[in-house]
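Undergrad: Following is a predicted model, sequence given first.
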Amino acid sequence: MDAQAIIDSLEEVAERSDDPAPQVYERLFARYPETEALFIGDTRGAARGQMLRQAVETLMDYLGPNIYAANFLRAELRNHDDIGVPGEIFPRFYHAMAEAFAEIAGDAWTPAMQAAWEDLTGQIEQIVQVPARTI
């Protein structure tokens with residue numbers, strides 16, 4: 001994965017948007033409408049903003065030393081399952097991030113950024129993939 005392309009994309013987004021959270025959640029809710037109900041109490045968007053910040057911080061660790069990212073993602077999969085977020089939806093948050101970030105970056109979004117995000121989201125799906133239980 002081209003970590004520098006991911007970092008470059010985050011820098012482009014930061015230059016163009018003070019708060020990308022609304023676009024990320026717009027994408028998430030459009031793709032998975034059932035997730036919007038999970039945020040009904042988040043009337044000011046604080047939980048959404050915190051979740052996006054944590055996702056980016058986890059992403060930065062994953063791109064670098066990966067001290068905690070993989071285990072954190074697996075733990076959050078379980079936490080989200082406990083509040084009714086199906087496992088297959090959890091990693092899709094990163095897909096929503098990539099789509100929203102591409103929109104925000106506009107013409108600055110490069111094929112290298114797109115490829116890096118596709119690779120990243122595929123890796124995240126692999127990390128949180130829960131193997132079928134055998135009896």
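TA: Yes, it's here.
Undergrad: Which neighbouring elements make contact with the worst-scoring helix or strand of the chain on mean pLDDT?
TA: Ranked by mean pLDDT, DSSP states H and E, the weakest helix or strand in the chain is helix 69-82, scoring a mean of 85. In terms of contacts (3 or more CB pairs under 8 Å, 6 or more residues apart in numbering; DSSP states H and E), helix 69-82 is packed against helix 46-63, helix 111-128. For every residue, glycine as well, the C-beta is placed using N, CA and C.
Undergrad: contact partners of the first one?
TA: The contact list for helix 46-63 (CB atoms under 8 Å, 6 or more residues apart in numbering) reads 1, 3, 6-7, 10, 19-21, 24-25, 39, 41-42, 67-70, 72-73, 93-94, 97, 120, 123.
Undergrad: returning to that earlier point: name the residues of the least confident helix or strand of the chain that come out as buried.
TA: Across helix 69-82, burial judged by 16 or more other CB atoms under 10 Å covers 69, 70, 72, 73, 76, 77, 80.
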